[in-house]
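**Student:** please work out how this folds:
(2 chains)
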Amino acid sequence: EPEVTQTPSHQVTQMGQEVILRCVPISNHLYFYWYRQILGQKVEFLVSFYNNEISEKSEIFDDQFSVERPDGSNFTLKIRSTKLEDSAMYFCASSHLGTSGSSTDTQYFGPGTRLTVL
Amino acid sequence: DAKTTQPTSMDCAEGRAANLPCNHSTISGNEYVYWYRQIHSQGPQYIIHGLKNNETNEMASLIITEDRKSSTLILPHATLRDTAVYYCIVSLNSGYALNFGKGTSLLVTP
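**Tutor:** Residues are numbered from 1 along each chain as shown, chains lettered A, B, ... in the order given. A predicted model of the protein is given here:
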C-alpha cells in the first residue's frame, strides 16, 4: 500500500541553524501538508500546498518557515533559523484531490520527523 | 470549521466493541466527519469518514445521527493495538487543514 515517507526520522540541530525536513508524498496525490506536534500537545496545522503554491497557512507558519516541491516527488519544509520552541514532531501529509470528500479522498500522514533544537 | 467535543478518555475490554462518541452540533450541511487515531507519537492514521450515511470499512463503523449533530465511531472487536488517541474532526473536505483537538484517549485492557 502506498505511504507517505519522511526523512530523517530524528534531526538534532543547534539554535539558529537552518533545517530542511523532507517528505515523499503518495505518488498520485496533489495536495501536500505539514503539521507539527509539540511533546504532549495536540497536532497543529502549519501549511497546505497545491499546484506549486501555498493554499492555506496557520499563524504558526511565519517567515521562518518555507515549503517547496523541488522535484516531482519531494516536498520539503525549511526552518531558516531554528528556535528552542521549534522542537516538535513534524508530520507531512498528502491527499489526492482535496475537493471531493469521496471515500478515497483523505489526508494520509507520514511517520514524522522528530526535531530537537538545542 | 465546526468544533467537536469528545470525552477525554475511555476504557474498553479487549474483544469488546469500543464506542467513541463525538458531538459536532455546529456542523454545516457540506462538512464531513473524519476520524483519525494516533498511536503514541506516530503519524495520525485515517480511520473513516462520512457525510450523512453510516459508513463501514475494515477498521471501523461510523454512525452519524440523522440531525448530524453527533456521531459514534465503533471498533467492533477492540484489541490491545487499538489503544490510541482518537480524533473526531469536521472538515469541508480533505483539502483543508484538519483541526485535531485533544481527542479521546482509548485504553484497551486485557
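**Student:** which residue comes closest to the spatially most central residue of chain A once chain neighbours are left out?
**Tutor:** Geometric centre of chain A, nearest residue: A:Trp34, 2.7 Å, by Cα atoms, centre = their mean. Closest residue to A:Trp34 apart from its sequence neighbours, by Cβ to Cβ, 6 or more residues apart in numbering or on different chains: A:Leu46 at 4.3 Å. (Glycine included, C-beta is placed from N, CA and C.)
**Student:** make sure the one you found is indeed in a helix.
**Tutor:** No: per DSSP: H, G, I helix; E, B strand; the rest coil, A:Leu46 lies outside any helix segment and is strand.
**Student:** ok, now which ones touch it?
**Tutor:** A:Leu46 sits next to A:33-36, A:57-58, A:60-61, A:65, A:77 when contact means Cβ atoms under 8 Å, 6 or more residues apart in numbering or on different chains.
**Student:** likewise for A:Ser73?
**Tutor:** A:24-25, A:27.
**Student:** and the residue nearest to the centre of chain A, what element?
**Tutor:** strand A:31-37 (DSSP states H and E).
**Student:** export that strand as CSV, just CAs?
**Tutor:** The C-alpha trace of strand A:31-37 is given here as CSV (Å, rounded to 0.1, in the frame of the first residue of the first chain):
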residue,chain,number,x,y,z
TYR,A,31,-2.3,18.3,-2.1
PHE,A,32,0.5,18.4,0.5
TYR,A,33,0.6,19.5,4.1
TRP,A,34,2.8,20.0,7.1
TYR,A,35,1.7,19.6,10.7
ARG,A,36,3.6,19.7,13.9
GLN,A,37,3.1,18.3,17.4
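**Student:** can you tell me what sits against stretch B:59-78?
**Tutor:** B:12-25, B:27, B:29, B:33, B:35, B:47-56, B:82, B:86, B:88, B:106, B:108.
**Student:** please apply the same query to stretch A:25-35.
**Tutor:** So stretch A:25-35 is contacted by A:2-4, A:21, A:23, A:43-51, A:55, A:67, A:69, A:73, A:75, A:77, A:90-98, A:107-109, B:94-95, B:97-98, B:100 (Cβ under 8 Å, 6+ apart).
**Student:** enumerate the positions of it that are buried.
**Tutor:** Across stretch A:25-35, burial judged by 16 or more other Cβ atoms under 10 Å in any protein chain shown covers A:25-26, A:29-35.
**Student:** and if you look at stretch B:66-84?
**Tutor:** Those would be B:68, B:70-75, B:78, B:82-84, for stretch B:66-84 by 16+ other Cβ under 10 Å.
**Student:** could you do stretch B:6-24 as well?
**Tutor:** B:6, B:10, B:12, B:18, B:20, B:22-24.
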